[in-house]
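Participant: here is a sequence together with a model predicted from it:
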There are 2 protein chains.
Amino acid sequence: MAMTSNRLYLLRALYDWICDNHLTPYLLVDASGDDLSIPYDFVEDNKIVLNLSPSAVRDLDLSNDYINFKARFSGKSMNVYFPVGAVLAIYANENGHGMFFQEEQQKVAVDKESVSNSEPVKKEEKKEEKKKKGSHLKIVK
Amino acid sequence: MAMTSNRLYLLRALYDWICDNHLTPYLLVDASGDDLSIPYDFVEDNKIVLNLSPSAVRDLDLSNDYINFKARFSGKSMNVYFPVGAVLAIYANENGHGMFFQEEQQKVAVDKESVSNSEPVKKEEKKEEKKKKGSHLKIVK
């Protein structure tokens, strides 16, 4: 029995969990699609990491199939959006706790992908963190 | 860095996901604790399965550390409650899609347990489904 994707539901849940713990929610997003509005200067290996903390973004909308918010990059305000299916992970920047989603097939039920095959973001993966100057969004990877 | 449990966040997310898909949310609950109010007649192997669909329960409260609702069992109304940490799984009865939580340690951050080690409820596990008469809540297992 086909179900809608649960990725948006899980994203919202973990976003609230991370914020309620006063930590910083980061999203790892697949930047290879053609229906994204993102700061491509910060894309590396077809991926971008975005800080979605309430202090870093404005007008964050997690209610639709496209995640949408405004943020400043290199001093310029930008309207950022991307499909929920492009989100590869959400985690707390401070400790890496969160959830990894498998790459796509978001048109079908993804409970298997997003639950049993999900892995917490490993702290080690964030050791290579590289921050670029002039951005309100930290870029990791 | 210790975080609160994310089990309640994930529970609410998957509850909404299942209901939005017009399927029936079932909870598998560990009945071995001493801080539960449940219909013990329907407990088997220290576990109980409860139908939490909006049509089966009243005054469902998923906002606190204790899940609380009213339902009828064998014709009698009952105020049911149990700690979130006692919830072992949430899934759609129709297809078994959902999330399994590992047994306890809910006092510490449980992202590892509830995410990477979670398994979708297997359809096969529900083959032994046994319904008892006279209850608005179907009992499986």
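Facilitator: Looks like it came in fine.
Participant: how much space between the residue in chain A positioned nearest to chain B and residue B:85?
Facilitator: Per Cβ to the nearest Cβ, residue A:13 is where chain A lies closest to chain B, at 3.6 Å. (Each C-beta comes from the backbone N, C-alpha and C, glycine too.) Plainly put, residue A:13 is 17 Å away from residue B:85 if you go by Cβ to Cβ, to the nearest Å.
Participant: same check, this time on residue A:55
Facilitator: Using Cβ to Cβ, residue A:55 is found at 32 Å from residue B:85.
Participant: again with residue A:15
Facilitator: According to Cβ to Cβ, residue A:15 stands 22 Å off from residue B:85.
Participant: follow-up on the earlier one: higher neighbour count, residue A:55 and residue B:85?
Facilitator: Set residue A:55 next to residue B:85 and count neighbours by other Cβ atoms under 10 Å in any protein chain shown: residue B:85 wins out with 21 against 8.
Participant: so the more buried one, which state does it fall into?
Facilitator: Put simply, residue B:85 is helix when judged by DSSP: H, G, I helix; E, B strand; the rest coil.
Participant: pLDDT score for it?
Facilitator: On pLDDT, residue B:85 comes in at 95.
Participant: surely it is in contact with residue B:5?
Facilitator: Yes - under the contact definition of Cβ atoms under 8 Å, residue B:85 touches residue B:5, with a separation of 7.0 Å.
Participant: next, give phi and psi for the spatially most central residue of chain A.
Facilitator: Nearest to the mean C-alpha position of chain A, by Cα atoms, centre = their mean, lies residue A:27 at 2.1 Å. When read as degrees, to the nearest 10, the backbone of residue A:27 gives phi -120, psi 130.
Participant: name the element the closest residue to it other than its chain neighbours belongs to?
Facilitator: Leaving aside its sequence neighbours, residue A:27 sits nearest to residue A:50 (Cβ to Cβ, 6 or more residues apart in numbering or on different chains; 4.9 Å). Secondary structure assigned from DSSP states H and E places residue A:50 in strand A:47-51.
Participant: in that strand, which residues are buried?
Facilitator: Buried residues in strand A:47-51, counting neighbours by 16 or more other Cβ atoms under 10 Å in any protein chain shown, are found at A:47, A:48, A:49, A:50, A:51.
Participant: need those residues in TSV (columns: pLDDT and distance to residue B:100).
Facilitator: Listed next are the buried residues of strand A:47-51 as TSV, based on pLDDT from 0 to 100; distance: Cβ to Cβ, whole Å:
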residue	pLDDT	distance to residue B:100
A:47	97	30
A:48	97	32
A:49	97	30
A:50	97	30
A:51	97	32
